[in-house]
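Visitor: sharing a sequence plus its predicted fold:
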Amino acid sequence: EVEGGRSTDSNQLASDGYEDIHVELPRGVHPPRRIVVPGLGAVVEVSCSSYCTIAITLDGRVFSWGDSDGNALGHSCAECHTPVWITSLRGLRVAHGSLAYTNAAVATDEGRCYMWGGNAWEHGIAGGRSSLGPTEVVWSGVPSCYRCSSVALASAHGYLIFQKQP
């Protein structure tokens, strides 16, 4: 059953919006459903890649789940299908995050940036590092009055958004 109350067979989604929408789902793909995870709390941002997903909660915690190729999850679980708190970011209030392939980056509300993953691919952001979890990234040449406010990653590049602080 979908939100509009109409029954559909298991391979279709339907909408009761301004027009009827029927989407044929590939075999093995399930329609979206609400998931309640004890202890997760309210989620304010989600980012997905081919390998994993991160969720940032209202209180600034980061949870990840999926496949840990290249240490993409930021924690020690090799593969998990439920959100796991990235405890190495404990004490930080994360505001934004982004994923691309096995690379991950988050920006805190204090303007700090942490990155992890990428160890499985050439040119990964973490290639050659000994650390498997999040590591703070510090730049030389950026004036101290600027703070990282957001991050965006893609397959072969990424962007860090800086804002000048008063």
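Guide: Good, I have the coordinates.
Visitor: what residues does the residue sitting nearest the centre point of the chain make contact with?
Guide: For the chain, the residue sitting closest to the mean C-alpha position, by Cα atoms, centre = their mean, is residue 54 at 2.8 Å. Counting by Cβ atoms under 8 Å, 6 or more residues apart in numbering, residue 54 touches 46, 47, 62, 63, 64, 74, 97, 99, 104, 106. Where you see a C-beta, it was placed from the backbone N, CA and C, and this is true even at glycine.
Visitor: distance of residue 158 relative to residue 58?
Guide: As defined by Cβ to Cβ, to the nearest Å, residue 158 lies at a distance of 25 Å from residue 58.
Visitor: settle it for me: which of those two has more neighbours?
Guide: Neighbour totals were compared for residue 158 and residue 58, and residue 158 leads with 15 against 10 (other Cβ atoms under 10 Å).
Visitor: any idea what that one is bridged to?
Guide: Taking DSSP bridges, one finds residue 153 as the beta-bridge partners of residue 158.
Visitor: returning to that earlier point: that's a helix at the residue nearest to the centre of the chain, yeah?
Guide: No - counting by DSSP: H, G, I helix; E, B strand; the rest coil, residue 54 falls outside a helix, being strand.
Visitor: where does this protein dip in pLDDT?
Guide: 1-23, 119-131 (pLDDT under 70).
Visitor: recalculate using a threshold of 90.
Guide: Applying pLDDT under 90 to the chain picks out residues 1-42, 49-52, 66-82, 100-104, 115-133, 135-144, 153-162, 165-166.
Visitor: mind jotting down where the strands sit in it?
Guide: Using DSSP state E, the strands of the chain run over residues 12-16, 20-24, 43-48, 52-57, 62-67, 79-85, 94-100, 103-108, 113-117, 135-137, 146-153, 158-164.
Visitor: dihedrals phi and psi, residue 142?
Guide: When read as degrees, to the nearest 10, the backbone of residue 142 gives phi -90, psi 120.
Visitor: list the contacts of it.
Guide: The neighbours of residue 142, taking Cβ under 8 Å, 6+ apart as the test, are residue 162.
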